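[1] Mind looking at a prediction? Sequence and model below.
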Amino acid sequence: MPKLIVNGVEVEVPQGSTVLQACEAAGAEVPRFCYHDRLSIAGNCRMCLVEVEKSPKPVASCAMPANEGMVVKTNTPQVQKARDGVMEFLLINHPLDCPICDQGGECDLQDQAMAYGRGGSRYEDAKRAVKDKDIGPLVKTIMTRCIHCTRCIRFGEEVAGVEVLGLTGRGEHMEVGPYVEAVVNTELSGNIIDLCPVGALTSKPYEFHARSWELVKTESIDVLDAVGANIRIDTRGAEVMRILPRLNEAVNEEWLADKSRFACDGLKKRRLDRCFVRRDGKLEPASWDEAFAAIATRLRGVPGNRIAALAGDLADAEAILLLKELMGALGSTHIDCRQDGAKLDASNRAGYLFNTTIAGIEQADTCLLIGTNPRWEAPLVNARLRKRWRRGGFAIGLIGEPRDLTYKYNHLGVGPQALAELANGRHAFAETLKGAKAPMLILGQGALVRSDGGQILAAARQIAGDLGFVRDGWNGFNVLHSAAARVGGLDLGFVPGADGRDVAGILEGAQSGVIDVVYLLGADEIDTSRFGKAFVIYQGHHGDAGAKRADVVLPGAAYTEKDATYVNLEGRPQRTHRAIHPLGEAREDWKILRALSEALGKQLPYDTLQSVRERLGHVAPSFRALGRVEPASFGNFGTPGPLGPEPFKSNIANYYMTDPISRASPTMAECVAAFLTPAQGKTGTHG
């Protein structure tokens, strides 16, 4: 580890560090535009110039390796003069449109011009102008502001795996943009907005909506997929203006998927802000007392074995717990949180977790994908897979639909036959898996929602056991969830009890008249036409499929409007925090269930959110490890048996519309029109 002296301070840095990183370790601030610690080094903005002893001129600290005995100075007159000159050149053609620029107030160029720039410019010729590029409905381009830092280009090539943006021309005629007119078709495109140090790339849906200093910032968790990305919700008044990522190295690093970032405008559309009761075949507005009275009247005299409940993909753990206890008080064991019908075994926690963890992907050396399209089901997990693949020594095999996953893989087959051959050791890729030191397997929901999902789960478990996926200090068996509520529901045991019906049984029972009452906690991804004459109670925040079929509608709070607990696919409990109040008469979901239990004469013993959370910890101790992953013991799960012949398919056919919020989003509708052409996703990059 080399030792350097930076501004008179001795500092020791890891081998391979740059002078810029050494300066930061010594507490010296070095300005930069092109350098980013998650991207390759470009060294083209020259703003990070420092003085190195025995060097005839200032050096670019981002591209200079730190060597033993270096003496570095970051605050000499020579360095200041060099930075003044660099900033003067950068501002030669930059337009003076800060008053109308959406980057104003959080612009690196503004900040560094104040700290390091000259008081005036010696340039007198006319400024050049660059034509804006149309790269899709999410990212707005004002390319006259571009300073050619190439962060967006490097992000596309290195992290997102989509090589659309590049440099054309030289010198004064250099431009950043697509080589031919094209949209930036990646599920991570919004991150180039965060990376852009100026106002050249801004959010198109957010354009001219608010200023950064007007916004109230709330730290929270994303729930539009199962990754549990850490986010910041920016609000003004009672409106969510934008959602940005927060740094969490273990989960999302500093990236955020486009649906999680841009679907927030769906929070303003098709919202439920009052109770409704169906009278004479039509839903009519009602008070809370009237809605509860209608439910109590209908439930009077109905035995528990004729009542059922389903928890949806966006339900929080507190609400799932109270719904389970309310159903227990009513005598019902017909409950299920797997509304897509996935044959997940709740009896063994390791059988439904992403046991390797998201950060653990970087320690793996082989990966087997089964019935999944991680690029759509969990874009941030896919980005980690690509990050590991780019380092080399990472063999990937896919059983399922061939798709462009942004990295090369071996296509092993399309269905269970290839899985059976791997389990029996007859497939050539089995030898690759056996020789791996840290192999991992990712089982998608598309393989589990089938009628033989339990058998596929057992076959995947057999592969993990026979081929050494699980060993001391390493668990390579992973289930890739796409629903934020799924792991929390399974942890709480929101699955059928003794003689209880699962989601398929509940739908069949309602259709045949065996089930009289169905309670939907935000459950919209089901076939509501199969409820027959059953009395349907819907609790949720959007007027989607469940509310349309309901006989009573109870307005709940969206994830931006409540303090709630969610468990991500790794089994990591995290909490959302209320950024705005629920709309109209809507209430937090646990409060609705607590009030309803009292109206039904089955009062639940919780008066505060804290008391509910204490109960969470008693039911599932993993909830006490907030923000941490508690490893699960690997055991037996699944249902051994023959596998069907049908090919695997991903459970997501449209990435941009997977839940009530994204389906209500005008921005997501534009993305569907712009990105999902008939040929989208039909071809794969595979070997």
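    Yep, it's here.

[2] residue boundaries of the helices in the stretch 301-450 of the chain?
    Secondary structure of the stretch 301-450 of the chain, counting by DSSP state H, counting those that start in this stretch: helices at 317-330, 374-377, 379-391, 416-423, 429-434, 445-448.

[3] can I get these in CSV with mean neighbour count, mean pLDDT and distance to residue 56?
    C-beta: built from backbone N, CA, C; applies to glycine. What follows is the helices of the stretch 301-450 of the chain, written out as CSV (neighbours: other CB atoms under 10 Å; pLDDT from 0 to 100; distance: least, CB to CB, whole Å):
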stretch, mean neighbour count, mean pLDDT, distance to residue 56
helix 317-330, 24, 97, 63
helix 374-377, 25, 96, 49
helix 379-391, 21, 97, 36
helix 416-423, 22, 90, 61
helix 429-434, 18, 91, 52
helix 445-448, 28, 95, 61
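
[4] Of these, which is nearest residue 238?
    Residue 238 lies closest, by CB to CB, to one member of those: helix 317-330, at 22.4 Å.

[5] continuing past the helix or strand containing residue 89, what's the next helix or strand?
    Taking DSSP states H and E as the definition, residue 89 sits inside helix 77-90. Note on helix 77-90: by DSSP H and E, the next helix or strand toward the C-terminus is helix 108-116.

[6] Just want the angle from that next one to helix 77-90.
    140 degrees (axes from the mean of the first three to the mean of the last three CA atoms, to 10 degrees).

[7] average pLDDT across the helix or strand that comes right after helix 108-116?
    Sequence-wise, the next helix or strand beyond helix 108-116 is strand 139-141, with elements assigned using DSSP H and E. Looking at strand 139-141 alone, the average pLDDT works out to 96.

[8] any idea where the helices of the stretch 501-650 of the chain begin and end?
    Taking DSSP H, counting those that start in this stretch as the criterion, the stretch 501-650 of the chain contains helices spanning 503-512, 545-549, 589-599, 609-619.

[9] Buried residues, the shortest one. List them.
    By that I understand helix 545-549. Residues of helix 545-549 classed as buried: 545, 546, 547, 549 (neighbour count, 16 or more other CB atoms under 10 Å).

[10] Give me the contacts around it.
    Surrounding helix 545-549, the residues in contact under the criterion CB atoms under 8 Å, 6 or more residues apart in numbering are 272, 276, 312, 520, 522-526, 528-529, 531, 536, 538, 540, 553.

[11] How far away from the center of its chain is that helix?
    On the basis of CA atoms, centre = their mean, to the nearest Å, helix 545-549 is displaced by 26 Å from the centre of the chain it belongs to.

[12] contacting residues for the residue lying closest to residue 577 once chain neighbours are set aside?
    Closest residue in space to residue 577, ignoring its immediate chain neighbours: residue 220 at 5.0 Å, by CB to CB, 6 or more residues apart in numbering. For residue 220, the residues meeting the contact criterion (CB under 8 Å, 6+ apart) are 230, 231, 232, 233, 559, 560, 576, 577, 579.

[13] Just the buried ones out of the residues you listed, please.
    230, 231, 232, 233, 559, 560, 576, 579.

[14] now these as a markdown table including distance to residue 619?
    What follows is the buried ones among the contacts of residue 220, written out as a markdown table (distance: CB to CB, whole Å):
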| residue | distance to residue 619 |
| --- | --- |
| 230 | 25 |
| 231 | 27 |
| 232 | 31 |
| 233 | 29 |
| 559 | 22 |
| 560 | 26 |
| 576 | 20 |
| 579 | 28 |
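
[15] just checking, residue 632 touches residue 353?
    Yes - Residue 632 lies in contact with residue 353 (CB atoms under 8 Å); the separation is 5.7 Å.

[16] got the contact list for the spatially closest residue to residue 646 that is not a sequence neighbour?
    Of all residues not flanking residue 646 in the chain, residue 415 sits nearest, at 6.3 Å (CB to CB, 6+ apart). Contact analysis of residue 415 by CB under 8 Å, 6+ apart lists 399, 400, 645, 646, 647, 648.

[17] same check, this time on residue 32
    If you count contacts by CB under 8 Å, 6+ apart, residue 32 has them with 20, 45, 47, 48, 62.

[18] The fourth one: neighbour count?
    By the measure other CB atoms under 10 Å, the count of residues near residue 48 is 26.

[19] For the stretch 101-250 of the chain, just list every one of the strands.
    139-141, 165-168, 175-178, 201-203, 216-221, 230-236, 239-245 (DSSP state E, counting those that start in this stretch).
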